[in-house]
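Trainee: predicted model and sequence below, questions to follow.
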Amino acid sequence: MMDIDTDKIAQEAINAIAEKIRNLKTLNIIVAGKTGVGKSTLINSVFREKLAETGMGKPVTDHMRRIAKKGVPLTIYDTRGFELGKEVQEEVKQEVIDTISKGLATRDINKAIHCIWYCINTASNRIEPEELEWLRELSKDNQITQVPIIIVLTQSFSKKKAQEMRSMLLEENLDVVQVIPVLADDYEIEDLGTAKAYGLDVLIKVMGEALPEELLDTLQNVQIASLEEKKRHAHAAVATAALAAAGEGAAPIPFSDCALLIPTQLGMIASITVIFGFDVNKSIITALLSSTIGAGGATLLGKTVVSNLLKLIPGAGTVAGGAISAGTAGVITAALGEAYISVMELVFKGEMSIEDIGTAKGKKVMSDIFKKQLATSKVK
Amino acid sequence: MEKCKKISKIAMKCVGVLLTVLGFMVVPTILQKGSNSLYKKTIGNEDINFDDMGPEIVEKKTYGGR
């Protein structure tokens, strides 16, 4: 019986993850609005690493600071001084347009501005006419550059006020992608209770629709607001990989299916890891592989598949022969992907730590889900 | 005969290695494009009910007076 060299495959997976992270495009967002509307709370609630801490960010213009952190493919341009009168507002608008134009001129997607969030505080109960005028003029100047503008109604602990404000803004027919009420943090309402945070998942979803495809991996990597969107993207990665694996299994070229399955499955593992944004080491991937495709519970056919697959890794041994059916390749790939997503979900929710994945508990979770997926697909 | 078998085994190994290397170069890009397109399609298919957006209010627990 062939032993499965999970250590070797895990190292290839780590290399694939590192490569994918290196190739992530940088997402650049301008966040505008008056001081005190809750921009920092919003940024820290949507994105990882608490970027909008006091003192972070370098001034890049009179009214804009640039917030970035090494290792995070995200840059926030935070505007300041909006409440200081019409003249300053005009300067801020010009700086926004100049920043957009400069980014476009580089023809580098990593330097272009991809989205503008304009924040209005719902709790202020009114929209200043100057703000509406500013938005109209910005939209006009943005007609060529076409950067998506999203109006975020912050501190929307009152549903009624948020809906009223949203309706008012929609009636203005501004050239914006959407008007989204959000509450970034739980809010205590005296004598009533706690208004729970909401709306951030909708913001991520709308961003996903508005951004170009090249930035979707980055968006999921940096956002911490929506587990559902991470899962949706991860499921898409699994579905694509399973389809590719099935195609590879059906290929008439001898042993091409075995050779191509390795990069397909490792590419899928890399995608899921990057989407969830956790720092994963080799022991975690080894645990994933050994508890799924390497486990004693895997089907005999699955083991034969894996044995054949491994024999094609340089130095692993002689070719045993036999083709993998398209169906089997697709099913095993999907089951592996779903097991990994399930454990990433537990880590995201805080029900398991990333280190726990390597323990008996983590391996059991992955193994159980993998076996369940195989059983559902009726692989014999 | 033996020599032929040996040569064909070596040839198969070489093809396998070449395909694996090619696979690592080409497959990740194809997977990324495919999954991003599929993701975009799935979000596009879902409507958001903005009119119903609002916070869930968790009531304060009140305790009997002492």
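Mentor: Ah, there it is.
Trainee: only C-alpha atoms for contact and neighbour calcs from this point on.
Mentor: OK.
Trainee: and whichever helix or strand A:Gly267 is part of, what does it pack onto?
Mentor: Per DSSP states H and E, A:Gly267 falls inside helix A:256-276. Here helix A:256-276 touches helix A:6-22, helix A:216-222, helix A:227-250, helix A:300-311, helix A:326-349, helix B:2-44, going by 3 or more CA pairs under 8 Å, 6 or more residues apart in numbering or on different chains; DSSP states H and E.
Trainee: would TSV of those helices with mean pLDDT be doable?
Mentor: Formatted as TSV, the helices and strands packed on helix A:256-276 follow (pLDDT from 0 to 100):
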stretch	mean pLDDT
helix A:6-22	88
helix A:216-222	97
helix A:227-250	91
helix A:300-311	48
helix A:326-349	88
helix B:2-44	82
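Trainee: so which of those helices gets nearest A:Met165?
Mentor: Nearest to A:Met165, of all the helices and strands packed on helix A:256-276, is helix B:2-44, at 25.5 Å by CA to CA.
Trainee: close to chain A, is that closest one?
Mentor: Yes: if you take CA under 8 Å from any CA of the partner chain as the test, helix B:2-44 does meet chain A, through B:9, B:12-13, B:16-17, B:19-20, B:23-24, B:27-28, B:31-40, B:43-44.
Trainee: just the buried members of these?
Mentor: B:12-13, B:16-17, B:19-20, B:23-24, B:27-28, B:31-32, B:34-40, B:43 (16 or more other CA atoms under 10 Å in any protein chain shown).
Trainee: what sits against A:Val202?
Mentor: By CA atoms under 8 Å, 6 or more residues apart in numbering or on different chains, the contact list for A:Val202 reads A:Ile180, B:Ile48.
Trainee: next, the angle from the helix or strand containing it to helix A:227-250.
Mentor: For A:Val202, the host element (DSSP H and E) is helix A:200-210. Per axes from the mean of the first three to the mean of the last three CA atoms, to 10 degrees, the angle that helix A:200-210 makes with helix A:227-250 is 50 degrees.
Trainee: for helix A:200-210, buried residues please.
Mentor: Here helix A:200-210 shows A:Leu200, A:Asp201, A:Val202, A:Leu203, A:Ile204, A:Lys205, A:Val206, A:Met207, A:Gly208, A:Glu209, A:Ala210 as buried, counting by 16+ other CA under 10 Å.
Trainee: right, and the last one touches A:Pro148 too?
Mentor: Yes: A:Ala210 is within contact range of A:Pro148, at 6.6 Å (criterion: CA atoms under 8 Å).
Trainee: quick check: neighbours shared by those two?
Mentor: With CA under 8 Å, 6+ apart, A:Ala210 and A:Pro148 have common neighbours A:Val177.
Trainee: excluding its backbone neighbours, what's nearest the most centrally placed residue in chain A?
Mentor: What sits nearest the mean C-alpha location of chain A, by CA atoms, centre = their mean, is A:Gln220, with 0.4 Å. Excluding the flanking residues, the one nearest A:Gln220 by CA to CA, 6 or more residues apart in numbering or on different chains is A:Ile275, at 5.1 Å.
Trainee: residues near A:Ala241, how many?
Mentor: Neighbours of A:Ala241 under the rule other CA atoms under 10 Å in any protein chain shown: 32.
Trainee: revised request: answer the last question for A:Ile109.
Mentor: A:Ile109: 17 neighbours (other CA under 10 Å).
Trainee: again with A:Val147
Mentor: Neighbour count for A:Val147, taken as other CA under 10 Å: 20.
Trainee: I'd say it and A:Cys115 touch.
Mentor: Yes: A:Val147 is within contact range of A:Cys115, at 5.6 Å (criterion: CA under 8 Å).
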